[in-house]
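K.L.:
Turn this into a structure:
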Amino acid sequence: MSPPQPAGGGHEHCFPFRGELEDDESQAEWRELCQAVVHEARAKHYTSVGGDLASLVHLERLDVSANEMDRFQPGARADALQILQAYSNRFASLGTLPGLPEARFLGFGFNELSALPADLGRRCPNLASLDLAFNHLLSLDDVVACLRKCRKLKQVFLAGNPCSLLPNYRVRLVTQLPALETVDDAEVTAAEREEYVLPEGGFKEDLDGFVTIEVTLKSLAGLPAPEGADSAPNSRPGTGKKDEKRKSIKKDKKKDDEGEPAAAPRPDPAKEGCYVDLLVVGAPPETKARTARLFWRPSPVNAARKVEDGVLPPPPVAARLRVPATVELRDGLKFRGLLVSVLKATPPTAEAVADHAAAVKAREADGDAPEPGDAPAERFDVVAATTVPLHSLLEPQFGADIPGNSDREQIKLVEAAKLDFNGDFLASLEPPPEDGAAEPDKKRSKPRGTITVVVRLNPGDDD
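P.N.:
From the prediction side, this is the model:
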């Protein structure tokens, strides 16, 4: 039976729709539907489940996915229904969900659910499997409180909800819902049941609703440096040739007693350097994290960490973002990724330092003590940026430690991306033409910067 098209004045476009049954064909279709055991009504533009559902007394399996449904109408019972699939609709609440005494499976993934009815276990007393993946569920406490009343629940799918990104998400489900056999399509193992223990009072980090994303720069390469800049302790910008002066300095730093490489030198704040800013696109700007200061050189971070001239290059640089577990974070991970910005840090000029010293001296003369850390600020310029995909972090395996592993090794996401350099910065690298001279035949080749990051979700404090 063909569904009616929704009218502009708004009659309800609901399933099932008995209509007026004005012709024999419509009556035959309705009789056939009333006898159906399995029925599919996908992508029909239905907006709700209507009260006539109670007439489908033989219906055991119903698929109304990919519609525009947001509620169940009064009287929409289905006493024989065992499987209900309502994926990719517009349900923001299940408050109108009727009693489904025989329901074994409910599929409401990819909706907009922000909460679950507290009496879900009463409405669906035989519920064994529940798929709520990629909804808007924020509070894991509320989810657990609801599911604890579903006495026969064996499988639950919550991946893609903001609450599934929280620390100890799987641990909490396994320990507080001991009847579960599968969480997010991964079997609950005997090792997990033995290993996972819920501390008295719960996990402290679960209470604040924040997610920690650790980003380690495994490599950062291809940064152009202006010719003549004293920027790299082990290579000359733009040439790749060793600087003999730096080479001799490194040899002096080499340990003579054991022949071990000397520690990596620290970046000199009086010279050019760089930082890397990290922000999940869509997350609050204040959650941005910045790395420690790095040398300004073609390869500020070297993944190989090869000893050159007796000096060990600096290790990979890590920063942690602490972000609220919200729908915006989930969508940022899924659709947008991690914004990586490379900032060039230029120390203040001698004139700026002198002006600052004069200002401090004037304040002291007036009896004002200098504030701690008061110093002329270096200038920051964004010279390159890229976006690193993070959608894989929504997969369940990235949110949990491997059960039974004594070292608590966590799965890591490794991603590489090309850097997009700022046009003004590239223009600044070109030497200015001399007065009256023609434009050079060859311009400086465009740099090919790359960055590789290693990402972990909610790493432990001791890692």
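K.L.:
Give the pairing partners of the helix or strand encompassing Val276; include direction for each.
P.N.:
When elements are assigned from DSSP states H and E, Val276 belongs to strand 273-280. Paired neighbours of strand 273-280 in the sheet (DSSP bridges): strand 289-290 (antiparallel), strand 294-295 (antiparallel), strand 338-346 (antiparallel).
K.L.:
can you redo the ones you listed as TSV with mean neighbour count and distance to Arg363?
P.N.:
C-beta coordinates here come from the backbone N, C-alpha and C atoms, glycine included. As requested, the strands paired with strand 273-280 are arranged in TSV below (neighbours: other CB atoms under 10 Å; distance: least, CB to CB, whole Å):
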stretch	mean neighbour count	distance to Arg363
strand 289-290	16	29
strand 294-295	23	33
strand 338-346	20	25
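K.L.:
Make CSV from the ones you listed and add distance to Glu364 and mean pLDDT to it.
P.N.:
CSV is the format used below for these (distance: least, CB to CB, whole Å; pLDDT from 0 to 100):
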stretch, distance to Glu364, mean pLDDT
strand 289-290, 31, 94
strand 294-295, 35, 86
strand 338-346, 28, 93
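K.L.:
returning to what we had before: for the strand holding Val276, give me every contacting residue.
P.N.:
Contacts with strand 273-280, where a contact means CB atoms under 8 Å, 6 or more residues apart in numbering, come from 213, 215, 217, 220, 223, 267, 285, 287-296, 300, 317, 319, 321, 323, 329, 332-333, 336-345, 380, 383, 390, 451.
K.L.:
Give me the three-state assignment for Glu32.
P.N.:
On the three-state scheme (DSSP: H, G, I helix; E, B strand; the rest coil), Glu32 is labelled helix.
K.L.:
can you list the strands paired with strand 273-280 in a markdown table and add distance to Ala80?
P.N.:
Formatted as a markdown table, the strands paired with strand 273-280 follow (distance: least, CB to CB, whole Å):
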| stretch | distance to Ala80 |
| --- | --- |
| strand 289-290 | 54 |
| strand 294-295 | 66 |
| strand 338-346 | 49 |
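K.L.:
Could you pull out the strands in the stretch 351-463 of the chain for me?
P.N.:
Secondary structure of the stretch 351-463 of the chain (DSSP state E, counting those that start in this stretch): strands at 379-388, 413-418, 420-421, 450-457.
K.L.:
Quick check: which of those has the most neighbours on average?
P.N.:
With neighbours taken as mean count of other CB atoms under 10 Å, the strands of the stretch 351-463 of the chain reach their highest mean count in strand 450-457, at a mean of 20.
K.L.:
quick one: secondary structure of the residue positioned nearest the centre of the chain?
P.N.:
With distances taken as CA atoms, centre = their mean, Leu333 lies nearest the centre of the chain, 3.3 Å away. Assigned with three-state DSSP, Leu333 falls in the helix class.
K.L.:
What is the burial count for the residue lying closest to it once chain neighbours are set aside?
P.N.:
Sequence neighbours aside, Leu390 is the residue nearest to Leu333 in space, at 4.7 Å (criterion: CB to CB, 6 or more residues apart in numbering). Leu390 has 24 neighbours, counted by other CB atoms under 10 Å.
K.L.:
so how far is the first residue of stretch 148-167 from its last?
P.N.:
One end of stretch 148-167 to the other measures 20 Å (CA to CA, to the nearest Å).
K.L.:
Could you point out the longest strand of the chain?
P.N.:
The strand of greatest length in the chain, counted in residues with DSSP state E as the criterion, is given as strand 210-221.
K.L.:
between that one and strand 450-457, how big is the angle?
P.N.:
Following axes from the mean of the first three to the mean of the last three CA atoms, to 10 degrees, one obtains 160 degrees for the angle between strand 210-221 and strand 450-457.
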